[in-house]
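Asker: Sharing a sequence plus its predicted fold:
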Amino acid sequence: MEQPSGDGPLKIKWDDVERTTIDGIFIVDGKSVLVSKSAIDVWRKRPDATFNTRTPLGDFDEKIDLVLWDQENPPSKP
């Protein structure tokens, strides 16, 4: 997990959620993070991809602190 300096978003890598293949809620750095099927699909294609997080919009049945948001891809290898 990469923690940006300051109050920026928590950055999540696939390893942070134990390379899950099932969507769901995972605890990362003491926060509950919702991981979607579409994020897992991205990680299957780009295992080094990183997602920023944000607070969720709307109501959920369970307490969710963060959701995966925009994706950062590592630089392409030449």
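Answerer: Sure, I can see it.
Asker: OK, contacts around residue 53?
Answerer: Residues in contact with residue 53, defined by Cβ atoms under 8 Å, 6 or more residues apart in numbering, are 9-12, 33, 66-69. All C-beta spots, glycine's among them, are computed from the backbone N, C-alpha and C.
Asker: Adding secondary structure, neighbour count and pLDDT as columns, could you present these in CSV?
Answerer: Shown next, in CSV, are those (DSSP: H, G, I helix; E, B strand; the rest coil; neighbours: other Cβ atoms under 10 Å; pLDDT from 0 to 100):
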residue, secondary structure, neighbour count, pLDDT
9, coil, 16, 79
10, coil, 20, 93
11, strand, 17, 95
12, strand, 26, 97
33, strand, 24, 95
66, strand, 21, 93
67, strand, 20, 93
68, strand, 23, 94
69, strand, 14, 90
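Asker: Farthest-apart pair in those residues, please.
Answerer: 11 and 67 (13.4 Å; Cβ to Cβ).
Asker: hmm, back to that, with the contacts of residue 53 in mind, which one is nearest to residue 51?
Answerer: residue 68 (4.1 Å).
Asker: That'll do, ta.
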